[in-house]
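Visitor: Dropping a prediction and its sequence here:
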Amino acid sequence: QVQLVESGGGLVQAGDSLRLSCAASGRTLIYGAMGWFRQAPGKEREFVAAISWSDGATNYADSLKGRFTISRDNAENTGYLQMNSLKPEDTAVYSCAAKLFGSSSRSDEYPYWGQGTQVTVSS
């Protein structure tokens, strides 16, 4: 099992930056990956970014490249999502997820999920 605890959400203004954290515990992610997903009210969950835990290889949703950066600290077993130049349309519940083998942009391939953190961007 993997337990994930997110932090860092909040209310910000358009143009601001925010960094989300996801602390992992339990089984090692060294062969797997951590992903970030978001879900806005009335919309389906969408992929944001993913990072392979072993080599740090990253994958982003095309629409978010250049504004969002995913990273991880192996020593702290924590993943991060740096969000810059935030827009009102980035408002959503952001959730981190983990899988033990390989990486993916598909939410249904991640068995472990954090509780989610609200990010609200005002105009």
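Guide: Okay, I see it.

Visitor: Would you check that A14 makes contact with E89?
Guide: No - using Cβ atoms under 8 Å as the test, A14 is too far from E89 to be in contact (9.6 Å). Quick note: C-beta positions are derived from backbone N, CA and C, even for glycine.

Visitor: Quick check: neighbours shared by those two?
Guide: Residues touching both A14 and E89 by Cβ atoms under 8 Å, 6 or more residues apart in numbering: V121.

Visitor: Just give me the residue closest to the centre of the chain.
Guide: Closest to where the C-alpha atoms of the chain average out (Cα atoms, centre = their mean) is W36, at 2.4 Å.

Visitor: does that one count as helix, strand or coil?
Guide: Here W36 is recorded as strand under DSSP: H, G, I helix; E, B strand; the rest coil.

Visitor: Model confidence for it, exactly?
Guide: Looking at W36, its pLDDT reads 98.

Visitor: How about T28?
Guide: The model reports T28 with a pLDDT of 88.

Visitor: need the contact list for it.
Guide: Going by Cβ under 8 Å, 6+ apart, T28 touches L100.

Visitor: quick one: the strands in this structure?
Guide: 2-7, 10-13, 18-26, 33-39, 46-52, 58-60, 68-73, 78-83, 92-99, 112-113, 117-122 (DSSP state E).

Visitor: Which one, of those, ends up nearest to R106?
Guide: R106 lies closest, by Cβ to Cβ, to one member of the strands of the chain: strand 46-52, at 7.4 Å.

Visitor: re the thing from before, out of the strands of the chain, the one nearest S105 is which?
Guide: Between those, strand 46-52 lies closest to S105; by Cβ to Cβ that is 4.4 Å.

Visitor: Just the buried positions in the closest one, please.
Guide: F47, V48, A49, A50, I51, S52 (16 or more other Cβ atoms under 10 Å).
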